[in-house]
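Trainee: Coordinates for the following, if possible.
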Amino acid sequence: MFRILTIATLAPAFLFVEAPAVAQRIIPVAESPAPAPLPDYADYASLVLRSPLIIDVTVRNVSEIKGPEAVGVATGFGRFYLEADVLALVRGSEALPKRLGYVADLPLDAKGRPPKLSKMRALLFARTLPGRPDMVQLAALDGQRRWTPETDALVRRIAQEVVATDAPPMIIGVGNAFHVPGSLPGEGETQIFLTTKDGRPVSLSILRRPGESPRWAVALSEIVDEAAKPPERNTLLWYRLACSLPAKLPDSSVAGQADADATVAREDYALVVDSLGKCRRQPLPAL
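Mentor: Numbers count the residues shown, from 1 in each chain. As a prediction, the model looks like this:
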């Protein structure tokens, strides 16, 4: 049986070699290749949240599926049955066999050939398949991702955030928003209440003071802590906000308020959305 593993910090190692001098000329050291782009937090958070199982595997066998069982495959893709050896269970508590089977739609090259995946180490984002303990079902089209130290570390960190006792709830909408002007011109505070799947309170507060840039914070309780601050980027709370909030404050949130107060509330909401940044969350071709 495999169980959730703790996050291991893996750092790339670099070897520095002094370039030799030949015939009184200095031979410059060749430039190092550009580092691979870091995995996107939003993409992987989306996969982790929808996947009861996350499995570290090594692919062993790949067989193409044709005929009626391949109906519905997107253009440029093929459907394949893969077998993989289980290395570790990153998320989940299921008892897994040493080798698992699963089906994946994989991108084909320009000549219609599948990628070479034999012996590739991968992370499977999956769920159990009823009645088939020797198989799993990928939780998304891109539910098979190539393993890298960076991806492994990120996925394990997100998995730990998701099961933490203080994990932020899923945000499903925006409730009422209120702006209260202060006693001085340009002074005031806006509170925006969010709706969540499990009913837990989440609110945004934006504070304006004369001569200062507006400051905002998020609260996960009914009491707004004066020391509260915006969430750090690439954390589960940031993801819940950046990937769930609508682009604009709904008109229903400021219904009944004075026009001037409603205008400031909309501006403060836009400030929060802009500060959070874009949530990319784009499906990647399964590899």
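Trainee: SS state for residue 152?
Mentor: helix (DSSP: H, G, I helix; E, B strand; the rest coil).
Trainee: these two touch, right, it and residue 55?
Mentor: No - the pair residue 152 / residue 55 is not scored as a contact, 11.9 Å apart, by C-beta atoms under 8 Å. Backbone N, C-alpha and C define where each C-beta goes, glycine included.
Trainee: Could you please name the strands the longest strand along the chain pairs with and the direction of each pair?
Mentor: When the chain is parsed with DSSP state E, its longest strand is strand 77-91. Strand 77-91 has the following strand partners under DSSP bridges: strand 53-65 (antiparallel), strand 99-107 (antiparallel).
Trainee: buried sites along the longest one?
Mentor: By 16 or more other C-beta atoms under 10 Å, the buried positions in strand 53-65 come out as 53-57, 59, 62.
Trainee: now swap in stretch 73-91 and tell me
Mentor: 73, 77-80, 82-84, 86-91.
Trainee: before we move on, the earlier item: need the strands paired with strand 77-91 in CSV with mean pLDDT, can you?
Mentor: Conversion of the strands paired with strand 77-91 to CSV gives the following (pLDDT from 0 to 100):
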stretch, mean pLDDT
strand 53-65, 96
strand 99-107, 95
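Trainee: In the chain, what residue spans correspond to helices?
Mentor: Secondary structure of the chain (DSSP state H): helices at 41-50, 149-163, 236-242, 259-276.
Trainee: Relative to residue 105, which of these is closest?
Mentor: Closest to residue 105 of those, according to C-beta to C-beta: helix 41-50, at 15.6 Å.
Trainee: Low-confidence stretches in this protein?
Mentor: Scanning the chain with the threshold set as pLDDT under 70 gives 1-38, 224-227, 281-287.
Trainee: In terms of residue numbering, what are the domains of it?
Mentor: Following automatic domain parsing, the chain resolves into domains at 40-163, 171-276.
Trainee: Can you give me the end-to-end span of the longest one?
Mentor: End-to-end distance of domain 40-163: 20 Å, with C-alpha to C-alpha, to the nearest Å as the criterion.
Trainee: what sits in contact with each of residue 152 and residue 55?
Mentor: Between them, residue 152 and residue 55 share these contacting residues under C-beta atoms under 8 Å, 6 or more residues apart in numbering: 90, 123.
Trainee: how close does residue 206 get to residue 190?
Mentor: 4 Å (C-beta to C-beta, to the nearest Å).
Trainee: ok, the two, which is more surrounded?
Mentor: Between residue 206 and residue 190, counted using other C-beta atoms under 10 Å, residue 190 has the larger neighbour count: 27 against 23.
Trainee: Now do the contacts for the more buried one.
Mentor: 177-180, 204-206, 208, 264-265, 268-269.
Trainee: circling back: want to throw the strands paired with strand 77-91 into TSV with distance to residue 123?
Mentor: Conversion of the strands paired with strand 77-91 to TSV gives the following (distance: least, C-beta to C-beta, whole Å):
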stretch	distance to residue 123
strand 53-65	6
strand 99-107	12
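Trainee: who wins for proximity to residue 275 among those?
Mentor: Per C-beta to C-beta, nearest to residue 275 of these: strand 53-65, 30.5 Å.
Trainee: the inter-axis angle of that closest one versus helix 41-50?
Mentor: With axes from the mean of the first three to the mean of the last three C-alpha atoms, to 10 degrees as the criterion, the two stretches strand 53-65 and helix 41-50 enclose an angle of 90 degrees.
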